[in-house]
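**Student:** build me a model from this:
(2 chains)
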Protein chains: 2
Amino acid sequence: MTVGWSSPVSFKPPLIGVSISPERYTHEIINETGLFGVNVPTKEIAKEAYYFGTESGKNLNKFKESNLTPTKGKTGVCLVKECPAVLECEVKDAPTYGDHTFFIGEIKNAETEEDYLQENGFPDPKKGMIFWNSSGDKTDYWTFK
Amino acid sequence: MTVGWSSPVSFKPPLIGVSISPERYTHEIINETGLFGVNVPTKEIAKEAYYFGTESGKNLNKFKESNLTPTKGKTGVCLVKECPAVLECEVKDAPTYGDHTFFIGEIKNAETEEDYLQENGFPDPKKGMIFWNSSGDKTDYWTFK
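**Tutor:** Numbers count the residues shown, from 1 in each chain, chains lettered A, B, ... in the order given. Modelled structure (predicted):
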């Protein structure tokens, strides 16, 4: 699925949190495997990102229906080949806050295509990775300037 | 202080999480008051946002030293007048994850200047509100396009 709510939460160890509704199929998969992948899309695949965020994979192979390619990370977690930055995370905690579960994942592996990095090693905001959808609308994906 | 790590975590009730190191003075203030404010800055006050994120208010009045104006929200929490979008939050939980505390706040009041909203009522990403600093550098603030 495509996630709008996430944030780093610790440097040491490197932890990231993602907020997912128990109604989502992804919630079930993360609980079963204890793993999740974070894939940062580009504006070129905004349509696919929208599709992955609005259709459930419960009775549907979303990779088959779209032009995206599934790959396996070092931890065994499923990743998206077309995404230039990926994180592989192992679940360390999963508290419920309101109507969502906040999955805390320890980052076990992180990869970014070199073209998307600045000289200082940080992600380059000008390269068109998608970081925000302000309203849930399919045309409403934003990159930085 | 200026926070880089935050995310909504629930619709009902409306909850937001912010990740803050126990070494920060802000951490002490939130623990004492049980409240925090979230102020979204604009690119016009990027210099001040950097200053508020890198200097501690422990022995310094940052409002006095900068051109920003403190105001009080409905809950009594301190807000920044020059920020077009503000949230007032009451702490509901404060778990430690790695080297940070993740403060979960229930949003008790939210205000956005009308000029910064789209017609659909969502924030307008084109209006120059700051949402990301990719490296911690003072010239490295990004808005959306």
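
**Student:** assign the residue of chain A positioned farthest from its centre to helix, strand or coil.
**Tutor:** When distances are taken from the C-alpha mean of chain A, A:Glu119 lies farthest, 24.2 Å away, according to Cα atoms, centre = their mean. Assigned by DSSP: H, G, I helix; E, B strand; the rest coil, the conformation of A:Glu119 is coil.

**Student:** list the contacts of it.
**Tutor:** Neighbouring residues of A:Glu119 by Cβ atoms under 8 Å, 6 or more residues apart in numbering or on different chains: there are none. Glycine gets a C-beta too; all of them are placed from N, C-alpha and C.

**Student:** so where's chain A uncertain?
**Tutor:** A:128, A:130-145 (pLDDT under 70).

**Student:** tell me where it has helices.
**Tutor:** In chain A, the helices defined using DSSP state H lie at A:25-33, A:46-54, A:62-65.

**Student:** tell me which of the ones you listed is the most buried.
**Tutor:** Among the helices of chain A, the stretch with the highest mean neighbour count (mean count of other Cβ atoms under 10 Å in any protein chain shown) is helix A:46-54, at a mean of 18.

**Student:** now that one and helix A:25-33, what's the angle there?
**Tutor:** 70 degrees (axes from the mean of the first three to the mean of the last three Cα atoms, to 10 degrees).

**Student:** relative to A:Lys47, how far out is A:Ala94?
**Tutor:** In this view, A:Ala94 and A:Lys47 are 31 Å apart by Cβ to Cβ, to the nearest Å.

**Student:** give the contact list for the residue nearest to A:Ser66 when sequence neighbours are not counted.
**Tutor:** Leaving out its chain neighbours, the residue that sits closest to A:Ser66 by Cβ to Cβ, 6 or more residues apart in numbering or on different chains is A:Glu48, at 4.8 Å. Going by Cβ under 8 Å, 6+ apart, A:Glu48 touches A:Pro41, A:Ser66, A:Asn67, A:Leu68, A:Glu82.

**Student:** surely the second one meets A:Tyr50?
**Tutor:** No - the pair A:Ser66 / A:Tyr50 is not scored as a contact, 10.2 Å apart, by Cβ atoms under 8 Å.

**Student:** residue contacts, the residue sitting nearest the centre point of chain A?
**Tutor:** Geometric centre of chain A, nearest residue: A:Val38, 3.1 Å, by Cα atoms, centre = their mean. A:Val38 sits next to A:Val3, A:Ser6, A:Ile16, A:Val18, A:Val86, A:Leu87, A:Cys89, A:Gly105 when contact means Cβ under 8 Å, 6+ apart.

**Student:** I'd like these laid out as CSV, including neighbour count and distance to B:Pro22.
**Tutor:** Below are the contacts of A:Val38 laid out as CSV (neighbours: other Cβ atoms under 10 Å in any protein chain shown; distance: Cβ to Cβ, whole Å):
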residue, neighbour count, distance to B:Pro22
A:Val3, 17, 28
A:Ser6, 19, 22
A:Ile16, 22, 19
A:Val18, 25, 23
A:Val86, 20, 30
A:Leu87, 24, 25
A:Cys89, 27, 23
A:Gly105, 27, 21
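
**Student:** near chain B, from these?
**Tutor:** Among the contacts of A:Val38, the residues lying close to chain B (Cβ under 8 Å from any Cβ of the partner chain) are A:Ser6.

**Student:** from the contacts of A:Val38, which is closest to B:Thr75?
**Tutor:** When the contacts of A:Val38 are compared for distance to B:Thr75 (Cβ to Cβ), A:Ser6 comes out closest, at 26.7 Å.

**Student:** partners of the residue lying closest to the closest one once chain neighbours are set aside in the sheet?
**Tutor:** Counting by Cβ to Cβ, 6+ apart, A:Val18 is the residue found nearest to A:Ser6 once chain neighbours are left out, at 4.4 Å. Under the criterion DSSP bridges, A:Val18 forms beta bridges with A:Ser6, A:Phe103.
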